[in-house]
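**Q** predicted model and sequence follow; I will ask about them next.
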Amino acid sequence: MTRRRPPARRRTRRTRRLSKRQQQRDARLIAFAVVATAVIGLVVMVVNWLLAHWWMLLTAVVLAVLAGVGWLCDRQRQARWKAVRTQALRYGLHELDALQHATFEEAVRDLLRRDDCRDAQRVGGGGDLGADVKATDPLGRRWVIQCKHRRHGARGSAVGTPDLQVLNGTARPVHGADVAVIVTNGRVTAPAVDFAKQQRLHVVDRQTLAVWASGSRPLWELLRAVPPPGRPTSLS
């Protein structure tokens, strides 16, 4: 049986498509060659210019090195001054009374950092689940602190048992606390103090806060029945 040859028109269309594809490939190759040639030419020009003006390149490198050294020295100087300020941090009760609630939490965080709790951070805010400040002390104990600021200090509303109940319900099971603390610049009711003792919670009332904030002793030296040291951490 004789094989039928495709019509001439169909062969012509196929030939045209192949030719068009080849033209597109050739155009891309030409464009690539032009770009590559331009890039190589530019690189050669830059290299030749640098060779002819080597002193300018050397000057730029020296300036960059000096700028880097200056930036590093400035960072180190800032870190040293920050450490000095932290070690010398002191607050009077009148200063703490004048703070807003958020800045009171920040002050508690900074006092913990002064005590060498280097990872102390403020986490208070919406949805904090009873934790305003968290920290790990040099002996590896995890501290979870709830802050209760009173604008009028001792004349403000007292911290009561419900506040302690919130801390007790979340500090250990939610935040993994070894030491759960409530800190206030105000008063604490007697039932709240009793509840804290029963549940192994710690209360930093106005008097204890005054000693801690205005002195240099770490908080764990001012509290009774603090749990024994945990495993030292990398921050110890």
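**A** Looks like it arrived, so ask away.

**Q** skip ahead from the helix or strand of the chain with the lowest mean pLDDT and say which helix or strand is next.
**A** When the helices and strands of the chain are scored by mean pLDDT, DSSP states H and E, helix 54-87 comes last with a mean of 74. Moving toward the C-terminus from helix 54-87, the next helix or strand (DSSP states H and E) is helix 93-97.

**Q** separation between Thr170 and Val193?
**A** Taking Cβ to Cβ, to the nearest Å as the measure, Thr170 falls 20 Å from Val193. All C-beta spots, glycine's among them, are computed from the backbone N, C-alpha and C.

**Q** make that Arg217, sorry
**A** In this view, Arg217 and Val193 are 22 Å apart by Cβ to Cβ.

**Q** what of Met45?
**A** For Met45, the distance to Val193 - Cβ to Cβ - is 81 Å.

**Q** CA-only coordinates of the helix or strand Ala196 falls within, as PDB, when you get a sec.
**A** Here Ala196, judged by DSSP H and E, is contained in helix 190-198. Below are the C-alpha coordinates for helix 190-198, written out as PDB (Å, rounded to 0.1, in the frame of the first residue of the first chain):
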ATOM      1  CA  ALA A 190      -4.300  38.900 105.800                       C
ATOM      2  CA  PRO A 191      -6.400  36.200 104.100                       C
ATOM      3  CA  ALA A 192      -4.300  36.600 101.000                       C
ATOM      4  CA  VAL A 193      -1.100  36.200 103.000                       C
ATOM      5  CA  ASP A 194      -2.400  33.000 104.600                       C
ATOM      6  CA  PHE A 195      -3.500  31.700 101.200                       C
ATOM      7  CA  ALA A 196       0.000  32.400  99.800                       C
ATOM      8  CA  LYS A 197       1.600  30.400 102.700                       C
ATOM      9  CA  GLN A 198      -0.700  27.500 102.100                       C
END
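
**Q** which other residues reach that helix?
**A** 158-161, 163-165, 168, 182, 201-203 (Cβ atoms under 8 Å, 6 or more residues apart in numbering).

**Q** and the closest residue to Gln121 other than its chain neighbours, helix, strand or coil?
**A** Spatially, and ignoring its direct neighbours in sequence, Gln121 is nearest to Lys134 (5.9 Å; Cβ to Cβ, 6 or more residues apart in numbering). Lys134 falls in the strand class when you classify it by DSSP: H, G, I helix; E, B strand; the rest coil.

**Q** re earlier: and the next helix or strand past the helix holding Ala196?
**A** Using DSSP H and E, the helix or strand that follows helix 190-198 towards the C-terminus is strand 202-204.
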